[in-house]
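okay, predicted coordinates and the sequence, questions at the end:
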Amino acid sequence: MNILHIHDQAGVACILAKFQEMQGAKSRVISLVGSDKYSIKEYYKDKANLVEKDIFYQYCLKEADTYDIIHVHSVEGMVLKLRKKYGNKKKIILHYHGTDLRGAYKKRRSLDFRLKRFGVRIKNRLVLLRNGYTGSLQHTVQKLSDAVLVSTPDLAKLADNSIYLPNPVDTELFNKNNKNDIKQDDKYDAITIKTEAIDIQKTLNYIKERNLNHNVYVYDRISRPIKYKDMPYLLKQYNTFVDLRFVKGELLQNLSKTALESLACGLQVLNYQLKYLKQLSPEHEPVNVVKKLFNIYSGIQK
């Protein structure tokens, strides 16, 4: 089985490729140069080819020649290009990871950004019309895909006939065996992460209003990006990861990838139901995720 992953979101494609190869498949990732804020692809550099943005589509289409399964992460326009080139000769998987379906989080964007996005939408519309498609890009590429995957259960309602594929955690990195070897933070017993997507003040107010018995350290991942390989050492300084994430005023009802990594590290996780989770669910073990994914690939009839 030959699998090409196009683009990478939060390391998911790289983890899938790593464990797919451990199961005997040929698997590779193509992603963009300079899109590695947390050095995830640097950690998995033996699994990924990094290319410049201006040749990304051309490079992916050329590389796809030698693969029978093309697994596209978030880059919807690639599905259209692949189907146009190969027709039904390739199995094409479209995999959504969050903002690609929920929409951009930031309410205020610069005029330049908005004009560029408007230009992209117009260009996509023209491409669709030239190829005889009358629906939106999102609707069209979902229909053109052999399978549509979503990384969290709440996304399923945003993509018709989608399949939930749990996010894998690289348990070889985020293991729970050496937490006691890490010096604990004397001031805080819990940690949460501030990112561009999250309204962190709403999270802190929520904790305070409910008298949750935690002294929470807020790690600002915006101003202080931390390398992927160093995340276990940060997390293991605490006993609890607080996974209360407000986006557009709503509390997300799923576990974040960092929450899953925290469970693998041996922390307990306070989830959106204000319940404490103690162990990583087997569904997120990478071997189990890859097994489910192989079944999805095999179930596609050409």
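Sure, I can see it.

pretty sure Phe19 sits against His284.
No - if you go by Cβ atoms under 8 Å, Phe19 and His284 don't touch, sitting 12.0 Å apart. In short, each C-beta sits where N, CA and C put it, glycine included.

shared neighbours, these two?
Here Phe19 and His284 have Pro168 as joint contacts, going by Cβ atoms under 8 Å, 6 or more residues apart in numbering.

so for these two, which sits in the more crowded spot?
A direct count of neighbours by other Cβ atoms under 10 Å for Phe19 and His284 places Phe19 higher, at 23 against 19.

could you check the pLDDT of the more buried one?
At Phe19, the model reports a pLDDT of 97.

that one should be in a helix, yeah?
Yes - counting by DSSP: H, G, I helix; E, B strand; the rest coil, Phe19 is located in a helix.

can you give me the neighbour number for the closest residue to it other than its chain neighbours?
Leaving aside its chain neighbours, Phe19 sits nearest to Pro286 (4.3 Å; criterion: Cβ to Cβ, 6 or more residues apart in numbering). A count of neighbours around Pro286, defined by other Cβ under 10 Å, yields 21.

quick check on Pro286: phi, psi?
As for Pro286, its main-chain torsions (degrees, to the nearest 10) stand at phi -60, psi -40.

right, and it touches Pro168 too?
Yes - counting by Cβ under 8 Å, Pro168 is a contact partner of Pro286 at 4.1 Å.

shared neighbours, the two?
15-16, 19.

now these as a markdown table including distance to Gln237?
Below are these laid out as a markdown table (distance: Cβ to Cβ, whole Å):
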| residue | distance to Gln237 |
| --- | --- |
| Ile15 | 24 |
| Leu16 | 29 |
| Phe19 | 28 |
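
now do the helices in the stretch 201-302 of the chain.
For the stretch 201-302 of the chain, applying DSSP state H, counting those that start in this stretch gives helices covering 231-235, 257-265, 286-299.

tell me the average confidence for the host helix or strand of Lys143?
According to DSSP states H and E, Lys143 maps onto helix 137-144. In this model, helix 137-144 carries a mean pLDDT of 87.

do stretch 236-247 as well
If you average the pLDDT over stretch 236-247, you get 95.

now that stretch - C-alpha only, CSV.
Provided in CSV are the C-alpha atoms of stretch 236-247 (Å, rounded to 0.1, in the frame of the first residue of the first chain):
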residue,chain,number,x,y,z
LYS,A,236,5.1,16.8,32.8
GLN,A,237,5.7,19.6,35.3
TYR,A,238,2.0,19.6,36.1
ASN,A,239,-0.6,17.2,37.4
THR,A,240,-3.6,18.5,35.4
PHE,A,241,-4.2,19.9,31.9
VAL,A,242,-7.2,22.2,31.7
ASP,A,243,-8.9,21.6,28.3
LEU,A,244,-11.6,24.3,28.4
ARG,A,245,-11.4,26.1,25.0
PHE,A,246,-13.8,28.8,24.1
VAL,A,247,-14.0,29.6,20.3
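
quick revisit: next, the buried residues of the helix holding Lys143.
Going by neighbour count (16 or more other Cβ atoms under 10 Å), the buried part of helix 137-144 is 137-138, 140-142, 144.

next: stretch 15-22.
Residues 15-21 are the ones in stretch 15-22 that count as buried (16+ other Cβ under 10 Å).

any chance of those in JSON lines with distance to Val29 as columns?
Below are the buried residues of stretch 15-22 laid out as JSON lines (distance: Cβ to Cβ, whole Å):
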{"residue": "Ile15", "distance to Val29": "10"}
{"residue": "Leu16", "distance to Val29": "8"}
{"residue": "Ala17", "distance to Val29": "5"}
{"residue": "Lys18", "distance to Val29": "9"}
{"residue": "Phe19", "distance to Val29": "12"}
{"residue": "Gln20", "distance to Val29": "10"}
{"residue": "Glu21", "distance to Val29": "11"}
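
which strands or helices does the helix or strand hosting Leu61 pack on?
Assigned by DSSP H and E, Leu61 belongs to helix 56-63. Helix 56-63 is packed against strand 2-6, strand 26-32, strand 48-51, helix 76-86, with contacts defined by 3 or more Cβ pairs under 8 Å, 6 or more residues apart in numbering; DSSP states H and E.
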